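> Could you look at this predicted model? Sequence included:
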Amino acid sequence: MESKIAITWSIPAMLRRHTAGESSLRVELQEPDFKNAVQRLLERFPELAEHFDLNGNAPRANMPIFLNHEQITDFSSMAVVLRNGDELLMVPALAGG
């Protein structure tokens with residue numbers, strides 16, 4: 001029997017308009033992969049879907065994702081294995097000049 005893990009999504013201030021002001025979401029995952037983590041995030045906050053390529057389950061180019069303070073660069077299912085207590089952070093790119 002597989003055990004669940006719990007991870008936390010941290011939501012930056014500029015995206016909290018999509019989350020009713022919530023700054024984080026703790027979710028339990030049966031499958032410890034990034035795709036499952038994205039699905040759980042979007043179940044709770046569907047308005048965040050605009051920031052993901054839902055076919056590839058990866059963030060759009062202007063939305064880097066960090067796992068425990070390290071940027072994820074390869075979103076293939078084998079590359080991003082999540083562990084109990086991990087934190088995923090969405091960091092929207094800023095434009096301007």
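Sure thing, it's come through.
> Report all helices and strands that the lowest-mean-pLDDT helix or strand in the chain contacts.
In the chain, the helix or strand scored least confidently by mean pLDDT, DSSP states H and E is strand 58-59, which has a mean of 76. Using 3 or more Cβ pairs under 8 Å, 6 or more residues apart in numbering; DSSP states H and E, the elements in contact with strand 58-59 are strand 52-53. C-betas here are computed from N, CA, C, even on glycine.
> Spatially nearest residue to residue 62, not counting backbone neighbours?
Nearest residue to residue 62, sequence neighbours excluded (Cβ to Cβ, 6 or more residues apart in numbering): residue 93, at 4.2 Å.
> Just to check, the one you found is in contact with residue 60?
No: if you go by Cβ atoms under 8 Å, residue 93 and residue 60 don't touch, sitting 9.4 Å apart.
> more neighbours, those two?
residue 60 (13 against 9; other Cβ atoms under 10 Å).
> Counting neighbours, show which residues of whatever helix or strand residue 36 lives in come out buried.
Per DSSP states H and E: residue 36 is located in helix 34-44. Across helix 34-44, burial judged by 16 or more other Cβ atoms under 10 Å covers 34, 36-42.
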